[in-house]
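*Asks:* coords below, sequence missing:
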Ligand SMILES: Cc1ncc(COP(=O)(O)O)c(C=O)c1O
């Protein structure tokens, strides 16, 4: 039989840590610092109201763009929090996760061969999604000794005639880095200068532990050049609901809606209802989750540093990204041995780009007790493999 | 300070070193604050929350709605004192609405509780009436859900 698989799909390298995933699946009683989603259940008021709406028969399609009530609520929130004005009719699109929003954004703007600049280490989906949309990912590395900041000058260096967009992702998965407004402003200038777009994945936007997150669209001249992606998965502990939104200028939202309409039709109505409840009444519950993440964050950073796994002071998301250069192991060996010998799961940094090679990602979306136990085991492990 | 109290309210045994890291202060600062809170009685006491049923000890709780005639000058507080001084009284609140005190009484048997209400509570001069409601099952107490629920972690062990 000939190979029927699409060339672009074949082009995407298989995830290097598939094997690692397979081992974990067979093991019991693993303490996992490897999870990319909140350990909290969705707050009860959201679940309870959704049960009610299911009972009421909210089980249908919605308009392609999503329930107008949800779009209006989002639009109002964006104005209240960032003074951003997006018309709920044609500048906001409800998507099935930021995952879908990202894919739509890329497909809506990319012609074959167009380049998209992405910074690494970053979320694993970016490069494959760019490739599948026909684009070419161009990587800019961010560095530990620069707090994993994306620098305008590094961006400018890789801009070509084919550059169409920059994909920016802060607060960052896996580093936990937030970006300061100054750097963003400089990037905005480059965006203007070279007539580019920005896809800004701000899914961890609420999860910052120092200062406020700067929404890229708020920078001078950037609103029309930004495709803002945000969702409910992380801040509201709603990963399983698959609900998010995109906001941008009319043309882009129109193009994204066109793809969405034929490929997805609409986001699940019950998740849309849940998102409305989250936005209207979820703030205090979200804040208390953030407070708890913050306490765990301080604990895990201090402990990892004490152990000798130098850990950057992450100020966002729920990840820390300790360096393993003080051990004799590679990141993949570290993760695999730690799993087999101490039953603690972490994710090798190279999963997030080559420059993540000397790191592991630890998530603190896990109870304090588990984090403490995991840290004890990591300490023991470190003593065996330190340089 | 509130963050420290919140941590302690969830776990009274949390160590000062750990609290210090969690809130970004030094151990000395935490110890000082805790001591101060204890002295000011902001922290009233450290106690264990015990599931007596599991411990094999039968305890019956009843919520008793009590209507009283407040005394001149001293109001409700003086009457309350005559009630809450009894060790049988587990907790007690002044309420708005159709009755005045909500008194939680603990005893070994329903009979014992009923006896206490009839002989001790109802006989207090200012007490007009009582209505006793026995607790059949405890679901949640002091922020803790005590019925066993399925609280297994349903997440994949690793995800991006
Ligand atoms: C940076 C980043 N963007 C997007 C997603 C996917 O989010 P959603 O659940 O909204 O599809 C994740 C999930 O891990 C993420 O870390």
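*Replies:* Nice, thanks for sending it over. Keep in mind that what you see is a predicted model, and the values were worked out from it rather than measured. Numbering: from 1, shown residues only, chains lettered A, B, ... in the order given.

*Asks:* buried ones in stretch A:28-46, by neighbour count?
*Replies:* A:30-40, A:42-43, A:46 (16 or more other C-beta atoms under 10 Å in any protein chain shown). From N, CA and C alone the C-beta is placed, and that goes for glycine too.

*Asks:* can you give me the domain boundaries for chain B?
*Replies:* B:2-39, B:60-141 (automatic domain parsing).

*Asks:* list the buried residues of the first one.
*Replies:* Of all the residues in domain B:2-39, those buried under the rule 16+ other C-beta under 10 Å are B:4, B:7-8, B:16, B:18-23, B:25, B:30, B:33-34, B:37.

*Asks:* can you get me a residue count around residue A:26?
*Replies:* 6 (other C-beta atoms under 10 Å in any protein chain shown).

*Asks:* hmm, I was thinking of residue A:49
*Replies:* Look at residue A:49: counted by other C-beta under 10 Å, it has 17 neighbours.

*Asks:* any weak-confidence spans in the chain?
*Replies:* Going with chain A. A:16-17 (pLDDT under 70).

*Asks:* try chain B instead
*Replies:* B:149-150.

*Asks:* ok, which stretches of it are strands?
*Replies:* B:60-68, B:89-94, B:101-107, B:127-134, B:140-141, B:144-145 (DSSP state E).

*Asks:* so how far is residue A:216 from residue B:52?
*Replies:* 56 Å (C-beta to C-beta, to the nearest Å).

*Asks:* which one of the two is surrounded by more residues?
*Replies:* residue A:216 (25 against 12).

*Asks:* contacts only, for that one.
*Replies:* Contact analysis of residue A:216 by C-beta atoms under 8 Å, 6 or more residues apart in numbering or on different chains lists A:168, A:184, A:188, A:198, A:200, A:202, A:222, A:226, A:228.

*Asks:* can you give me the strands in the stretch 201-350 of chain A?
*Replies:* Ranges of strands in the stretch 201-350 of chain A, per DSSP state E, counting those that start in this stretch, are A:226-231, A:244-247, A:319-320, A:344-345, A:347-348.

*Asks:* among those, which comes closest to residue A:367?
*Replies:* Smallest distance to residue A:367 across the strands of the stretch 201-350 of chain A (C-beta to C-beta): 14.1 Å, for strand A:344-345.

*Asks:* from the chain's centroid, how far away is that closest one?
*Replies:* 21 Å (C-alpha atoms, centre = their mean, to the nearest Å).

*Asks:* quick one: is it near chain B?
*Replies:* Yes: Strand A:344-345 comes into contact with chain B (C-beta under 8 Å from any C-beta of the partner chain), by way of residue A:345.

*Asks:* want to throw the domains of chain B into CSV with distance to residue A:105?
*Replies:* Output for the domains of chain B, formatted as CSV (distance: least, C-beta to C-beta, whole Å):
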stretch, distance to residue A:105
domain B:2-39, 37
domain B:60-141, 44
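
*Asks:* of all those, which one is nearest chain A?
*Replies:* domain B:2-39 (3.7 Å; C-beta to the nearest C-beta).

*Asks:* anything in the closest one near chain A?
*Replies:* Yes: counting by C-beta under 8 Å from any C-beta, chain A is contacted by domain B:2-39 at B:3, B:6-7, B:18, B:21-24.

*Asks:* measure that domain end to end?
*Replies:* By C-alpha to C-alpha, to the nearest Å, the extent of domain B:2-39 from end to end equals 16 Å.

*Asks:* what of stretch A:156-164?
*Replies:* End to end - C-alpha to C-alpha - stretch A:156-164 spans 13 Å.

*Asks:* and what of stretch A:27-47?
*Replies:* With C-alpha to C-alpha as the measure, what separates the two termini of stretch A:27-47 is 31 Å.
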